[in-house]
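>>> Provided below for reference: sequence and predicted model.
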Amino acid sequence: MAADALSVARLKARGVGRALLRRLVDAGCSDRDALQAAGREKVAGVLKNKAAAASIWTAVQGRKAASKMSEPSPGDAVTAAEVEVAALEEPAEPPTLVVDLMSRRVTYRGDPIPTKPPHNLRPQSVLALAVLASRPGEIVPMDDLAGAMRKLVRSNRRLVTPESKEIRYQLLKSFRRALDGIVAKEEIESIVENIPGVGLRLNASARAHAAAPPAARAASGG
């Protein structure tokens, strides 16, 4: 984790992974005081994730109350090195989204997203999701997305650059059906964000296993 994100990471807000932490830091909300100054509405606008925004705000308010009850004395101060070591020793938060191309398995918050009929993610959508999952929180231009998808299936055939709106639609269609009644609609809609004229961004902490099986290669025309 980057050093500039350590302060906000120490709030230990549930569901706020590295990608969302990066968005907060880039928006100038790099610690509790900055988050408090920005206000709940701005923080929610930066995260674009209702559940994560509620979690980080609960953490901010909790820490604020605790600080009023017990202000540390000079003798209680710890060195920057000790703080960094403590942060590194904290258990890693499990990713919200997992894309495993080898087993053709996709899960969100532990719930499976079908990759086989009916109502499944298309093979091309799974590849696109794997690329986005390898770059959570980043805007991935569509040309880069197509190139990375081609590398995943080890194909020399040039893939037609997909339309960002179509890719997002195909992805969220399966997520909506699989997560209906389990995950808030606002969160589902924010998982993949379309940046018009630029590309797509995955707004979730993620892990991708990129070795594509023969079935995925065949489906992509490799």
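Perfect, I can see it now.
>>> isn't residue 186 up against residue 47?
No: contact criterion Cβ atoms under 8 Å: residue 186 and residue 47 do not qualify, at 11.0 Å. From N, CA and C alone the C-beta is placed, and that goes for glycine too.
>>> neighbour count winner among those two?
Of the pair residue 186 and residue 47, residue 47 is the one with more neighbours under other Cβ atoms under 10 Å, namely 26 against 12.
>>> what is the burial count for the residue lying closest to the more buried one once chain neighbours are set aside?
Among residues not flanking residue 47 along the chain, residue 53 sits closest, at 4.8 Å (Cβ to Cβ, 6 or more residues apart in numbering). Residue 53 is flanked by 24 other residues according to other Cβ under 10 Å.
>>> what segments of this protein are strands?
Remark: strands assigned in the chain by DSSP state E are 97-100, 105-108, 111-113, 139-141, 192-195, 199-202, 206-209.
>>> ok, and what's touching stretch 45-54?
Residues from elsewhere that reach stretch 45-54, judged by Cβ atoms under 8 Å, 6 or more residues apart in numbering: 13, 15-16, 20, 23-24, 27, 29, 38, 40, 43-44, 56, 183-184, 186-187, 190, 193, 203-204.
>>> now that stretch: buried residues?
Neighbour counts over stretch 45-54 (16 or more other Cβ atoms under 10 Å) mark 46-49, 51-54 as buried.
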